[in-house]
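> Below are the sequence and a predicted model; questions follow.
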Amino acid sequence: MKKIKVNASSSYEIIIGEDLLPSAGEYCLRALGKTCKACILTDDNVAPLYLDTVRSSLVGAGFDTVEYIIPHGEGSKSTASLIELVEFMAENRLTRTDVLVALGGGVVGDLGGFASAVYLRGIRFVQMPTTLLAAVDSSVGGKTAVDLRAGKNLMGAFLQPSLVLCDYKTLDTLSPEIFADGCAEVIKYGVINDREFFDSLKKGIKIQIEDVIAACVQNKANIVENDEFDKGQRQLLNLGHTVGHAIEACSDLRISHGSAVAIGMVIVMRAAVRMGICAEVELDELLSVIKSAELPTECDFGAEELAAVATSDKKRAGDSISLVVPYAIGDSRLYKIPVSELRGFIEKGLCR
Ligand code: GLY
């Protein structure tokens, strides 16, 4: 088991280990100080697997529980789901001293976190990630959000959780595709700033899962401690995401987030190679690690359509957009370009 402390606007622990959910109640009690009412938010995929375990453990530790189950998938990260959830919390009379427990992947964590940020102007929440993507990225650092019609994560808030309890035994029940999705975010950390970690991934991710999750979480914790509110260094975590979000949108979400981020990383790195700021051998290494994680490296969309969608990205500031560009594996930098040059940049990154 590994414990990582995050010292942001509030401090909390991320506990990473195998088979932690049966003791979820004790961990929550320790993090929250005393028992209260816990609203367990989960989805219809996760509920049959882990809801009973978490509920029994919380009740055993003295918590009063209510449960709210959403349909799985990005469609639940909507303003309509948010309103339904906060109405449920109000009907069940949750107070400021109560807690929301987000048991699931990124959708559950982001929706639950945002509901916790706005309900009564803020109550506490605990993240219990059950996907690799949520474990290494979305459960850490306090970004919460729902999607708007105009794009993903366009309405949200920063709210740090009181505890992240990461039981990686839950990853055993993921499909290979969902596991691979999280691998894209794992690889991302190596490409951003950690060449040694990137090299270690050549041994495989699953066989060293605890170390991999802990390294990603420690890396993200360091970044969040320096730039909690995403004004500078934290934007590096968007490597592959500006183009990736455009790929997801152009595919009507048929291409998953992780697959889109993998392709997005390849596009920005290939553009960097063609611009002469990154060596081609670095791109070859990235392609090889992405392929061994069973992720795609190309898509069929053109630069025109990707750029059109990407210009509505949150990272846009007026007439410019900040991309994250690898100069080498382990050395990615923010790279500001005029919005008018984005199409040309993406064109350079496509495999033609
Ligand atoms: N997922 C990017 C961030 O937390 O900043």
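It's in. Residues are numbered from 1 along each chain as shown.
> Now the residue of the stretch 101-250 of the chain at minimum distance from the ligand: closest residue in space, sequence neighbours ignored.
Relative to the ligand, the nearest point of the stretch 101-250 of the chain is Leu237 (3.9 Å; CB to the nearest ligand atom). Quick note: C-beta positions are derived from backbone N, CA and C, even for glycine. Spatial nearest neighbour of Leu237, excluding adjacent residues (CB to CB, 6 or more residues apart in numbering): Ile223 at 6.4 Å.
> isn't there a helix covering that neighbour?
Yes. Counting by DSSP: H, G, I helix; E, B strand; the rest coil, Ile223 is part of a helix.
> My read is that it contacts Gly232, right?
No. The pair Ile223 / Gly232 is not scored as a contact, 9.9 Å apart, by CB atoms under 8 Å.
> between the two, which one's more packed in?
Neighbour count, other CB atoms under 10 Å: between Ile223 and Gly232, Ile223 has more, with 22 against 12.
> Just the terminal-to-terminal distance for stretch 5-16.
11 Å (CA to CA, to the nearest Å).
> cool, and stretch 29-38?
By CA to CA, one end of stretch 29-38 lies 11 Å from the other end.
> from the chain's centre, how far out does it sit?
With CA atoms, centre = their mean, to the nearest Å as the basis, stretch 29-38 stands 25 Å off its chain's centre.
> Contacts for it, please.
With contact meaning CB atoms under 8 Å, 6 or more residues apart in numbering, stretch 29-38 is reached by 12-13, 28, 58, 61-66, 92-95, 97-101, 124, 126, 162-163.
> quick revisit: list the contacts for the residue nearest to Leu237?
Residues counted as contacts of Ile223 (CB under 8 Å, 6+ apart) are 141, 233-234, 236-237.
> that older thread, among the contacts of stretch 29-38, the buried ones, what's the PyMOL command?
Those of the contacts of stretch 29-38 that count as buried under 16 or more other CB atoms under 10 Å are selected in PyMOL with:
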select buried, resi 12+13+28+58+61+63+65+66+94+98+99+100+101+124+126+162+163
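> Now intersect the contacts of stretch 29-38 with the helices, please.
The helices, defined by DSSP state H, take in 28, 58 from the contacts of stretch 29-38.
> For the nearest residue to Thr144 once chain neighbours are set aside, list the residues it contacts.
By the measure of CB to CB, 6+ apart, the closest residue to Thr144 outside its immediate chain neighbours is Gly113, 3.0 Å from it. The neighbours of Gly113, taking CB under 8 Å, 6+ apart as the test, are 102, 125, 127, 142-145, 157, 159, 161.
> before we move on, which element is Gly113 in?
helix 106-118 (DSSP states H and E).
> wait, Ala310 sits on Ile346?
Yes. Judged on CB under 8 Å, Ala310 makes contact with Ile346 at a distance of 7.4 Å.
> Mutual contacts of the two, please.
Counting by CB under 8 Å, 6+ apart, the common neighbours of Ala310 and Ile346 are Val243.
> Can you pick out the residue with more neighbours from these two?
Ala310 (29 against 25).
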